[in-house]
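S.K.: 3D model of this:
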Amino acid sequence: MKKLVLLLFTGIILLIVPLRALAHGSEEHASETAVNYWSYGLIISFLLLAIFLTLFITAKTKMKYMNLKNKSNREKHTAMRKRNSLYKWGSILASVVVVFFLIAVNVNGEDKVTFTHIHGLGYTSDGEELFVPAHDGLRVYKDGSWTTPTEGAKHDYMGFNMFKDGFYSSGHPAPNSDLANPLGIVRSTDKGKTIEKLDLYGEIDFHGMTVGYDTEEIYVFNPSENSRMSQPGFYYSTDKTKSWKQAELAGLEGQAGTLAAHPTKKGVVAIGTDQGVFLSENHGNQFEKLSVSGAVSAVSFGHKNNLLVATKTDKMNLFQINLSTNETVELNVPDLGEDAITYFKQNPVNSNEFVFATNNRDIYMSSDKGNTWNQRVDEGVAISH
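M.R.: Below is the predicted model of the structure:
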């Protein structure tokens, strides 16, 4: 009996060893394994509780009906009473362990919102929701919490852009989807529940794509010849993919890495390169270099004809350029170490709210015009408030 109690204690110690010391693989795999691990502990502790309770009740019943006038029975009764004391304490200890694992399963079993990749950022037109394509579908931030939408296929959205009525995107279909790969250009007006195939379906995956929030003008970096574009280059459509024109890119310098279409002004597009940020007012045919220096890692348009720019010099820098007055305001940046900003957006309704994402799958938000920042995703794991 003492060996059985010792076995129980040994099992408890092994089961409450920190899981991450034993788990291997990705964060998501470790999280999933953790839930299973605590569940196994709960099952084992329930079995131990059942064993001890059965032994206790059985012994108690035998003792009740034992004839104590018999000397042999009295000796058996004394021995059984000692064992039953161990059964009782074993039952109590097992009950405590069951409660422990019930709590552990509940805490560790909560769904954690994670981001395998971050392929863009975009707000809904009411400014209430932030959408993030995360390789396996969308993630949504609203009222301080992250969620993974349950409706709609978990497509790998690339070149993702929100517009006033939904989003445009390119990318690849979900693993179990019957859609062709790649998606070409698609659009959704119901937050990803369904998607509409617009153009180049099954032909091209555009990683470099931008869409005007109100104008719905589309600009793409085309990587190869296809049925709609005769050669690689920079193309634009002013009629929602019905027709395409190739832009000349005169005045653009360096290797392009990021681009943004003006939300309300037709023909206005910005491109960030390793040589700086460039602005065109004629659909990308002619560009003018702006005053911000350094390699540009993110660019987007904000309120009141402002251009938002992230540059990488000896550190990360965030700028807000008023294109009407050429006034440039530098925003504070949290310490990112060697990390780099990849997407930078302003809430379309609340001009005080900014958000940016990084290479390391971090997301920061500011509610005071970029003076202070709060981390909302840490290396691909959501932080809710």
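S.K.: Distance-wise, check the residue nearest the centre of the chain relative to F206.
M.R.: Closest to where the C-alpha atoms of the chain average out (CA atoms, centre = their mean) is F115, at 2.9 Å. As for F115, its distance to F206 is 21 Å (criterion: CB to CB, to the nearest Å). C-beta coordinates here come from the backbone N, C-alpha and C atoms, glycine included.
S.K.: related to what we said a few turns ago, quickly note the distance from the residue nearest to the centre of the chain to V140.
M.R.: Distance from F115 to V140, counting by CB to CB: 12 Å.
S.K.: Name the residues contacting each of these two.
M.R.: Both F115 and V140 are contacted by V132, under the criterion CB atoms under 8 Å, 6 or more residues apart in numbering.
S.K.: Next one: the residue lying closest to P334 once chain neighbours are set aside, what pLDDT does it get?
M.R.: Nearest residue to P334 in three dimensions, chain neighbours excluded: W373, at 4.7 Å (CB to CB, 6 or more residues apart in numbering). Looking at W373, its pLDDT is 98.
S.K.: just E28 next, same as before
M.R.: Looking at E28, the pLDDT reads 41.
S.K.: which residues in the stretch 1-150 of the chain form helices?
M.R.: 2-15, 27-64, 71-108 (DSSP state H, counting those that start in this stretch).
S.K.: any idea which of the ones you listed scores lowest on pLDDT?
M.R.: Lowest mean pLDDT within the helices of the stretch 1-150 of the chain: helix 2-15, a mean of 51.
S.K.: For the nearest residue to G122 once chain neighbours are set aside, identify the helix or strand it belongs to.
M.R.: Distances taken as CB to CB, 6+ apart place M162 nearest to G122, at 2.8 Å, with adjacent residues excluded. Using DSSP states H and E, M162 falls within strand 156-163.
S.K.: Give me the sheet partners of that strand and which way each runs.
M.R.: Here strand 156-163 is paired, per DSSP bridges, with strand 166-172 (antiparallel).
S.K.: Would you mind writing the CA trace of the partner strand as PDB?
M.R.: This file holds the C-alpha atoms of strand 166-172, laid out as PDB (Å, rounded to 0.1, in the frame of the first residue of the first chain):
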ATOM      1  CA  GLY A 166     -14.100  44.800 -47.400                       C
ATOM      2  CA  PHE A 167     -10.800  43.700 -48.800                       C
ATOM      3  CA  TYR A 168      -8.800  42.800 -51.900                       C
ATOM      4  CA  SER A 169      -6.200  40.200 -51.900                       C
ATOM      5  CA  SER A 170      -4.100  37.700 -53.800                       C
ATOM      6  CA  GLY A 171      -2.400  34.500 -52.400                       C
ATOM      7  CA  HIS A 172      -3.100  30.800 -52.200                       C
END
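S.K.: all numbers from here: first residue = 42
M.R.: Renumbered: residue one is now 42, and that last one reads strand 207-213.
S.K.: Report the mean per-residue pLDDT for that strand.
M.R.: 98.
S.K.: Can you give the distance from that strand to the centre of its chain?
M.R.: Taking CA atoms, centre = their mean, to the nearest Å, one finds the center of strand 207-213 at 17 Å from the center of the full chain.
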